[in-house]
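heads up, no residue letters with this:
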């Protein structure tokens, strides 16, 4: 049996993605009973640490949180040596890293599943949480029309993959230089639903029943802060922009958020915002991902 990993949403088939979402909202199995899960954090996080630790506990396992400097990936020890040792202790290795190549190298040598808790390319657990939230509050996946406003980043990439694989529509409102490239639009278009991109945020959100954004300055981009605020100045999601979306459109944000930058306080804290429940569903999504991987390891209830 080959070891399955979750580094990108596209590591799943559309059917598997639906199954993970179903597992997410089901009572958690005790498939980690007596087992450990290594949680390696090169980058800190509030939601990721708490959601993953509690998901492991609820599934009967023992999470072991480790900061990046404790293992020193490629400084004290190679990524491969660290991974092989952790695989001898744990049933799953989950890593939040700066470079996507790190989780790819982990997966290449690991005898246990590797989960990407965030890399510079992808954030699959966030996308799963977003899909659970939208299914509960907006509609079936093939009825979704999702607009992303701002920087086409790792969160946007994984969200788009999930939406399109399940038959929804995706639009991007990103400034020049921060939008998905033409070949990326082609790649996304091949996944399923329709994709469009515009430098005009009003055009991007037209008809959307979900408007999603993220911080303009992600961790590691602090030196670009002043320039990014200039570039994204016309891309704030406020009540005026939300009025261009479909009637009753909902707002989403993966957090941390900066009211007054990428989103107004009125939208973020308003009645149409799903942000807090979206954050809570990070726990839901973590359970679904871990349950799926344990099934594929031969330790789940449906294996």
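The structure has been received and is ready for your questions. As the structure is a computational prediction, the values presented were derived from the model and not from experiment.

quick one, helices of this protein?
Counting by DSSP state H, one finds helices in the chain at the ranges 14-25, 47-58, 68-71, 79-89, 100-109, 124-137, 154-165, 182-189, 201-205, 225-231, 239-242, 265-268, 275-296.

the inter-axis angle of the first one versus helix 275-296?
It refers to helix 14-25. With axes from the mean of the first three to the mean of the last three CA atoms, to 10 degrees as the basis, helix 14-25 and helix 275-296 are set at 110 degrees to each other.

check contacts around residue 255.
When contacts are counted by CB atoms under 8 Å, 6 or more residues apart in numbering, residue 255 touches 47, 275, 279. In this view, the C-beta of every residue, glycine as well, is placed from N, C-alpha and C.

I'd say residue 141 and residue 164 touch.
No: using CB atoms under 8 Å, residue 141 makes no contact with residue 164, being 9.6 Å away.

Neighbour count for these two, which is higher?
Between residue 141 and residue 164, residue 164 has the larger neighbour count (other CB atoms under 10 Å), namely 25 against 22.

picking that back up, weakest of the helices of the chain in terms of mean pLDDT?
Out of the helices of the chain, helix 225-231 stands lowest, with a mean of 86 (criterion: mean pLDDT).

Tell me the buried residues in that helix?
Neighbour-count burial for helix 225-231, counted by 16 or more other CB atoms under 10 Å, picks out 228, 231.

Report the distance from that helix to the chain centre.
24 Å (CA atoms, centre = their mean, to the nearest Å).

All further residue positions should be reported with the first residue as 49.
Taking 49 as the first residue, the last one we looked at is helix 273-279.

who does it touch, helix- and strand-wise?
Helices and strands touching helix 273-279, by 3 or more CB pairs under 8 Å, 6 or more residues apart in numbering; DSSP states H and E: there are none.

Make CSV from the contacts of residue 303 and add neighbour count to it.
Putting these into CSV (neighbours: other CB atoms under 10 Å) gives the following:
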residue, neighbour count
95, 20
323, 20
327, 19
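
Skipping adjacent residues, who's closest to residue 193 in space?
Using CB to CB, 6 or more residues apart in numbering and skipping the chain neighbours, the partner closest in space to residue 193 is residue 217 (4.5 Å).

Can you tell me the centre-most residue of the protein?
Centrality entry for the chain: nearest residue to the mean C-alpha point is residue 174, 2.5 Å, by CA atoms, centre = their mean.

quick one: contacts for that one?
Residue 174 sits in contact with 166, 203, 206-207, 302, 330, 333, where contact means CB under 8 Å, 6+ apart.

Quick check, pLDDT for residue 351.
Value listed for residue 351 in the pLDDT field: 40.

scratch that, residue 346
Looking at residue 346, its pLDDT reads 88.

Would you mind measuring from the residue nearest to the centre of the chain to residue 291?
Counting by CB to CB, to the nearest Å, the gap from residue 174 to residue 291 is 27 Å.

likewise residue 316?
For residue 316, the distance to residue 291 - CB to CB - is 16 Å.
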